[in-house]
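S.K.: could you look at this predicted model? Sequence included:
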Amino acid sequence: MLRAILRAATADSRTAPDRSIPAVIVSSKLSSSNYSSSTSTKSSLTKAKKSKQKAAAQSEEASAAAADDDFSDPLGDEAARNRRLAEDDKDPSLDVGPNGRALFTSATAISHLSRKDACSYMKFSTEALNEVLPEGLPAGMVKEFEDSRRCALLVRQSFLDLRDNFRRIVDPPLRPSDGKCPKVLKQIVLDGPVSCGKSIALAMLVHWARDEGWLVFYVPKGRDWTHGGFFYQNPETGFWDTPVQAANILQDFLKRNESHLKQLTCQISDPIPLGEGAGVGWMKGVDSMAMPEGSTLYDLAQMGIRHTHAAVGVVVRLRKELSLVKDIPVLIAVDQYNSWFTFSDYGEAVTVRSWRPIHAKELATVNAFRSMMHDDMMVGAFSHSTAVGKLRQELPDVPKDARINFPRYSFDEAATVSYYYLSIGFYTIMLAKIDMLGSILRREVFSKQRLVRREVFSDENWKKVYYLSNGNGTEMRWLAPLMR
C-alpha cells in the first residue's frame, strides 16, 4: 500500500513541478512577493494612465489641428468670424421661423415696422446703435449680442404698442377714435418681471424717437444719479447737490442732441445759481452766473460742463427749459427709474453715533426730473438689477394710470426666439488647462458651434424651454443649449 502511494507521488512529481513551499520560506518571502506584485501593479497602472494621457493628448492635438485649419488665428481672427456670420446671413435656409415664415423682417427702420412684423427679428449694426445711443446700450441688449454674435432684436407687439402710443401724441389720427384704440398716455412707467425686455424696449423707443428728429433726454442708468461722487447740502435750496453727476448728465445729453440744442433758444433769462464745486469749494463773493441774451440750450449745457459750481443749477434749469420747447417733440426716457424712489448711497451724520440715509428725492437733480405730474412726454423703466425691491403700486409724483405691466415672451414670441437660436452660430474661445508639471491636461480650442443643435431641436423641446423659463429671455438663452 505504501509502495503504491510512493509510486503515484513520484509519477505526479515527474509530470508537474512541485508547488509546495516550506513554511519557513513562505513566511520569509511573503512580504517581498507582495511588494513585487504591488510594484508591478502600480507600474502597469502608471503605464496605462500615461498611455491614456498620450492618446487623449494626441486626439486633442488632432482636434486642435483640425480647428486650426478652420481658424488660422484662434484667439483673434475677427475677420474669419465676421466672414462666417456674413455667410450665415446669406444662407436662405437659416431665415426660416415657425410655420415656415421668414425669421427676419424686411423693414430697414423702426418707424417702418407694423403689426405684421411682430414676432420677427430686425437686424442692426453695432456702429449705428452706438451712434444713436451714445449714452450706452442696455446690459441685456449687449449680452444678447455677445451670445449670439449677431446684432438683431426681436420685434415685439408690446414695443409696437409703446411706440404707437407716443406716435399718436405727436401725430394724432385724422379720424376720431371709436373706442377701439387704447388710451393715449403721455407719462408711462414700464414695470414687469425681471428680464422681460423693459430696458431694451425703452432703448428702442429712444432710437425711434431720434430717428424721427425728436429731442430725447435719455438716462440709461438712473442709479448713477444716486451713487458715487461728491455731495453736499445746499443751504439755499435745502437739497443735496451732486456736481460730479450733474456734469456727467450734461455731457451725455450733448452727445446726440448737440445739433438740436444749438437751434433752441433759452426761454428763461434768470441767472444760474452757483453752489459748491467738486473739490474746489465755494466761489468767493459770487452766488449766481448770468446767462447772456440769446443763449441757446447748447450754451446752457456748456456752462454747466465748464463751471463745476454751476453744474447742478444748469441741470435743474435744463429741466424747466425742456418743458418750454415747442418747436420739436421732447421725450424724457429714464431707465432704472425705480432707483429714484428709494434711498441713495449718501447719508449725513446726525450725532456722533448715528447716521441718516439720504433719500433720492432729496437730491436736486433727481428732484428736478423724477416727477411725472406735468404735460411733457416721459417714460421710465423699472430695473430689477438695481436691487431696489418691490415698490408700492401708487408712486408719489406719478399718475395713477401711468404704470403698465410689460410682459415676458408670449408663446409665439418664444417660438420665434427658439428658431432664431437654432439659426445663429456663436463662437467660444477655450483655453488650455496645465498642471503643476507643465503638461497639458486638457486642450480646448477656438471653435464654432450652434447654440441649438439641429438634431435635438423640436417643437416639444423648445416648448419645454419656454415653460421652464416662463418666458424669461435670459433663462431661455441659458436653457437653449441644454436641449437633448
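M.R.: Arrived safely, thanks for sending.

S.K.: low-confidence stretches in the protein?
M.R.: For the chain, the stretches with pLDDT under 70 are 1-93, 175-180, 386-387, 389, 425-451.

S.K.: in a helix, that's where residue 460 is, yeah?
M.R.: Yes. Residue 460: assigned to a helix according to DSSP: H, G, I helix; E, B strand; the rest coil.

S.K.: gap between it and residue 415?
M.R.: According to CB to CB, to the nearest Å, residue 460 and residue 415 sit 12 Å apart. (Each C-beta comes from the backbone N, C-alpha and C, glycine too.)

S.K.: which one's more surrounded, the two?
M.R.: Between residue 460 and residue 415, counted using other CB atoms under 10 Å, the more crowded position is residue 415 (19 against 8).

S.K.: you'd agree the more buried one is up against residue 461?
M.R.: No. In this structure residue 415 lies outside contact range of residue 461 using CB atoms under 8 Å: 11.8 Å.

S.K.: could I get the full set of strands for the stretch 251-400 of the chain?
M.R.: Under the criterion DSSP state E, counting those that start in this stretch, the stretch 251-400 of the chain contains strands at 272-273, 288-289, 330-335, 343-349, 355-359, 377-381.

S.K.: can I get these in JSON lines including distance to residue 203?
M.R.: JSON lines is the format used below for the strands of the stretch 251-400 of the chain (distance: least, CB to CB, whole Å):
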{"stretch": "strand 272-273", "distance to residue 203": "31"}
{"stretch": "strand 288-289", "distance to residue 203": "35"}
{"stretch": "strand 330-335", "distance to residue 203": "8"}
{"stretch": "strand 343-349", "distance to residue 203": "24"}
{"stretch": "strand 355-359", "distance to residue 203": "28"}
{"stretch": "strand 377-381", "distance to residue 203": "9"}
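
S.K.: mind checking how far stretch 388-396 is from the chain centre?
M.R.: Distance of stretch 388-396 from its chain centroid, counting by CA atoms, centre = their mean, to the nearest Å, is 24 Å.

S.K.: can you list contacts of it?
M.R.: If you take CB atoms under 8 Å, 6 or more residues apart in numbering as the criterion, stretch 388-396 is touched by 189, 338-339, 341-342, 361, 382, 400, 403.

S.K.: now the two most distant members of these.
M.R.: Spatial extent of the contacts of stretch 388-396 (CB to CB) is set by the pair 339 and 400 at 21.4 Å.

S.K.: for those two, indicate the residue with more neighbours.
M.R.: Under the criterion of other CB under 10 Å, the comparison of residue 339 against residue 400 puts residue 339 first, with 25 against 8.

S.K.: correct me, but that one touches residue 359?
M.R.: No. Residue 339 is beyond contact range of residue 359, at 11.3 Å (criterion: CB under 8 Å).

S.K.: could you pull out the helices for the chain?
M.R.: Per DSSP state H, the chain carries helices over the ranges 2-15, 23-70, 78-90, 126-132, 139-148, 157-170, 198-211, 243-261, 297-306, 311-323, 364-369, 411-423, 459-469, 473-479.

S.K.: from the contact counts, what lies against the last one?
M.R.: It refers to helix 473-479. Counting contacts by 3 or more CB pairs under 8 Å, 6 or more residues apart in numbering; DSSP states H and E, helix 473-479 packs against helix 139-148, helix 411-423, helix 459-469.
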